[in-house]
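Asker: sequence first, then the predicted structure:
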Amino acid sequence: MTKKDKIDFINKVNDKFTNARNHGHNGNNWWYPKPNVIAYNVKMHGASKNIDDIRKFMTERQNEYYNDDALYEICNENQNDTARMFSDDIDETHGVKSGYAGRSGGWLEVEYSNPLPDSLYDTTSKDINYIYQEAKKLDTLETKISQEITAGHERLQKYMNTDEYCKDVSDSLPDDDMIADEYKGRAKGLLDKLK
């Protein structure tokens, strides 16, 4: 690879990061990118099973106790917890900083540490070789993280469209005995107030 080829590659990688199109950190505005922050689309398009599908796995008492809004909130909370764990795993594994942005949190933004200089003017061949290696590392890291995010997003969407997901949601709910205890506690509280 020639020196010119290496410089072209360095500039291409550096431009990819310094002119990254991000979402969220700058007032949810795509037009003012924050350098070295790349946003990945992780919107869940039609991934959540219908509440009626979850209700099929619930007991009669659970169905009476939880209205649709409550179940929807439980599903959202579960999805958000899974997303946070996924983001934390990426951060820990790759030494980056990530977080969710956008109106519905549908963008996973990853902030990269970019060691590439803004200008290669008057740079020696030895320095070009070193900077080229750094550019390759940065580009490889971004590609790997992008692939992990895409694969993880696809796995989560696929899982959320299964009966297994519906059963897992219903299994996470308090069982009939816990709900009965809750009702007893409420009744006792009302009786105590009436005394």
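Answerer: Thanks, I have it.
Asker: top helix in this structure by residue count?
Answerer: helix 125-159 (DSSP state H).
Asker: ok now the helix or strand just after that helix, how far from the chain's centre?
Answerer: Per DSSP states H and E, the first helix or strand lying C-terminal to helix 125-159 is helix 163-172. Helix 163-172 sits 21 Å away from the centroid of its parent chain (C-alpha atoms, centre = their mean, to the nearest Å).
Asker: quick one: buried residues of helix 163-172?
Answerer: By neighbour count on 16 or more other C-beta atoms under 10 Å, the buried set for helix 163-172 is Y165, C166, V169, S170. For every residue, glycine as well, the C-beta is placed using N, CA and C.
Asker: just the residues contacting the following helix or strand past it, thanks.
Answerer: Where DSSP H and E defines the elements, the next helix or strand beyond helix 163-172 is helix 176-194. By C-beta atoms under 8 Å, 6 or more residues apart in numbering, the list of residues contacting helix 176-194 from outside reads T59, R61, Q62, Y65, P174.
Asker: can I get the CA coordinates of helix 176-194 in CSV?
Answerer: The C-alpha coordinates for helix 176-194 follow below in CSV (Å, rounded to 0.1, in the frame of the first residue of the first chain):
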residue,chain,number,x,y,z
ASP,A,176,-51.8,-15.7,42.5
ASP,A,177,-50.8,-16.0,46.2
MET,A,178,-48.9,-12.7,46.1
ILE,A,179,-51.8,-11.0,44.4
ALA,A,180,-54.2,-12.5,47.0
ASP,A,181,-51.9,-11.2,49.8
GLU,A,182,-52.0,-7.8,48.1
TYR,A,183,-55.8,-7.9,48.1
LYS,A,184,-55.9,-9.0,51.7
GLY,A,185,-53.6,-6.1,52.7
ARG,A,186,-55.8,-3.6,51.0
ALA,A,187,-58.9,-5.0,52.6
LYS,A,188,-57.3,-4.9,56.0
GLY,A,189,-56.2,-1.3,55.4
LEU,A,190,-59.8,-0.4,54.5
LEU,A,191,-61.2,-2.1,57.6
ASP,A,192,-58.7,-0.4,59.8
LYS,A,193,-59.7,2.9,58.4
LEU,A,194,-63.4,2.2,59.1
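Asker: this completes my enquiry, with thanks.
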